[in-house]
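# Whatever this is, show me its structure:
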Amino acid sequence: MSLPIFIKERRKLLNLTQQDLAEKAGVGLRFVRDLEQGKSTLRMDKVNQVLNLFGQELGPVPQIRK
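Model prediction:
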């Protein structure tokens, strides 16, 4: 599962708006929108702030070769 899909599904599961998620994570609304849209240049520390709300953090994963 991709990161944007994970974030959006978890947010909706908890009945949070993007604004709610931004406030709880201590990031801006624009950041949450960019994250859910799959922007490729995001600060890892801020991504982890959001993921921490779901008991997760960024980490290395094997590449999927096409």
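# For stretch 19-33, what does the pLDDT average out to?
Stretch 19-33 shows an average pLDDT of 98 in the prediction.
# Buried residues in that stretch, which are they?
21-22, 25, 27, 31-32 (16 or more other C-beta atoms under 10 Å). To be clear about C-beta, it is placed using only N, CA and C from the backbone, and glycine gets the same treatment.
# What is the end-to-end distance of that stretch?
The first residue of stretch 19-33 is 9 Å away from its last residue (C-alpha to C-alpha, to the nearest Å).
# just stretch 5-23 next, same as before
By C-alpha to C-alpha, one end of stretch 5-23 lies 20 Å from the other end.
# Of all the residues in it, which ones are buried?
7-8, 10-11, 16, 18, 21-22.
# quick one: which of those residues is nearest to residue 64?
Within these, the smallest distance to residue 64 is 19.2 Å, found for residue 7 (C-beta to C-beta).
# farthest-separated two in the buried residues of stretch 19-33?
21 and 31 (9.7 Å).
# Now do the shared contacts for those two.
When contacts are counted by C-beta atoms under 8 Å, 6 or more residues apart in numbering, residue 21 and residue 31 are jointly contacted by residue 50.
# quick one: pLDDT of the closest residue to residue 24 other than its chain neighbours?
Of all residues not flanking residue 24 in the chain, residue 53 sits nearest, at 5.9 Å (C-beta to C-beta, 6 or more residues apart in numbering). The confidence metric pLDDT takes the value 95 at residue 53.
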